[in-house]
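In: fold the following for me, if possible:
(chains A, B, C and D)
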Protein chains: 2
Amino acid sequence: MDKSALFYKLVSFTNSVHQVTHELTRNAKSDSITQVQYKILEYITVSQPVTTSEISSCMNMSLPNTSRELRKLSEKRLIDKIDDTEDRRKQYIRLSNDGEIMMNKSFASIETRFLERVQNASNDDLEDIEKALDILQKKLFYQ
Amino acid sequence: MDKSALFYKLVSFTNSVHQVTHELTRNAKSDSITQVQYKILEYITVSQPVTTSEISSCMNMSLPNTSRELRKLSEKRLIDKIDDTEDRRKQYIRLSNDGEIMMNKSFASIETRFLERVQNASNDDLEDIEKALDILQKKLFYQ
DNA sequence: TGATTTACTTATCAAATGATAAGTAAGAGG
DNA sequence: CCTCTTACTTATCATTTGATAAGTAAATCA
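Out: Numbering: from 1, shown residues only, chains lettered A, B, ... in the order given. All right, here's what the predicted structure looks like:
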């Protein structure tokens, strides 16, 4: 097994994933938030409740900048900050109702584009895709 | 086959790909160029020769901004611009020698991290990974 | 040949992002 | 109790990035 050849395949693959992700998510984001704010909301959506520190380290941004962006999201009423009752330095971040509504819309838009993309795939194709996603997530893109 | 469930799997998967890509490529970029400039060089590396317009549309950036960044890369002697002899409005972009050297270093660094990531994978695992990459690229992340 | 389109450049401005210093307040450890 | 560490905030600044207007020069088209 030539690992170098596999590496080049991976480079090409990740480029495709980035391209297609861009294609699927274009216009999904509301104009009232920035790209970084959208990525933060996306992370909160799938991981809530999360602390500010967790967001900071998972999104690879500094704590001060994370704090600033969360303040902006809070001012836009898209997230709620809930103080931890045990450790009062911590606070848990959740989507607010407005945030839920916004992210539901975004995900619906992305899902629509996804469905367009796989509309011609057979059931066998879809099963192949699912298995392939599982294998790669487990064996290559594990965290 | 539940396409909605598959969609959620895809969301989780693309997040993992982004995370791992970030992990593999950290420190791969020279400090003398910006993130966007690095992405442009990466695109030129795998697609050269390319025109300014092609870079602009494939990287989803405006022609003026693309032109500016290419000028900066040219000033740093990382790319060469070659006038098209047939259509004199066009110019083809290539890596310069210095650009080749820089990108070879970057790719070597990324490959090293990739090899660390798969060092415990068996030959069967690697074959599974390769097949999965092929399937997804063909059936889901096609351009 | 004149009008239109294409490929690209220059210039300018605003906004987003990143980096860093300095601070507060609470928990943890000796 | 005192020190250290953790979790987070505020403030500030530089840089990067994005958007837009206006221009040049070459090709195409009618």
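In: which bits of chain A sit near DNA strand D?
Out: Residues of chain A found near DNA strand D, taking Cβ under 7 Å from any atom of the strand as the criterion, are A:51-54, A:56, A:63-68, A:70-71, A:81, A:87, A:89-91. Every residue, glycine included, has its C-beta placed from N, CA and C.
In: okay, and which of the residues you listed map to helices?
Out: A:52-54, A:56, A:63-68, A:70-71 (DSSP state H).
In: which of those count as buried?
Out: Using 16 or more other Cβ atoms under 10 Å in any protein chain shown as the burial test, these include A:52, A:54, A:56, A:66, A:70 as buried.
In: neighbours of the closest residue to residue A:49 other than its chain neighbours, how many?
Out: Distances taken as Cβ to Cβ, 6 or more residues apart in numbering or on different chains put residue A:92 closest to residue A:49, at 3.9 Å, once the chain neighbours are dropped. If you count neighbours by other Cβ atoms under 10 Å in any protein chain shown, residue A:92 ends up with 15.
In: please apply the same query to the one 3 residues further on.
Out: The number of residues packed near residue A:95 is 20, by other Cβ under 10 Å.
In: you'd agree the residue nearest to residue A:49 is up against residue A:84?
Out: Yes. Contact criterion Cβ atoms under 8 Å: residue A:92 and residue A:84 qualify, at 6.2 Å.
In: what do the two both touch?
Out: residue A:51 (Cβ atoms under 8 Å, 6 or more residues apart in numbering or on different chains).
In: picking that back up, residues in contact with the residue nearest to residue A:49?
Out: A:48-51, A:81-84.
In: taking the buried ones among the ones in helices among the residues of chain A next to DNA strand D together, which two end up most distant?
Out: Largest separation among those by Cβ to Cβ: A:54 and A:70, giving 11.6 Å.
In: quick check: residue A:25 vs residue A:116, distance?
Out: For residue A:25, the distance to residue A:116 equals 13 Å [Cβ to Cβ, to the nearest Å].
In: please say which of the two ends up with more neighbours.
Out: residue A:25 (18 against 10).
In: residues in contact with the more buried one?
Out: A:106, A:110.
In: okay, the contacts of residue A:92 in JSON lines with pLDDT and distance to residue A:138 next?
Out: Putting the contacts of residue A:92 into JSON lines (pLDDT from 0 to 100; distance: Cβ to Cβ, whole Å) gives the following:
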{"residue": "A:48", "pLDDT": "89", "distance to residue A:138": "24"}
{"residue": "A:49", "pLDDT": "93", "distance to residue A:138": "26"}
{"residue": "A:50", "pLDDT": "96", "distance to residue A:138": "24"}
{"residue": "A:51", "pLDDT": "96", "distance to residue A:138": "27"}
{"residue": "A:81", "pLDDT": "95", "distance to residue A:138": "35"}
{"residue": "A:82", "pLDDT": "93", "distance to residue A:138": "33"}
{"residue": "A:83", "pLDDT": "88", "distance to residue A:138": "37"}
{"residue": "A:84", "pLDDT": "85", "distance to residue A:138": "33"}
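In: with that, I have no additional questions.
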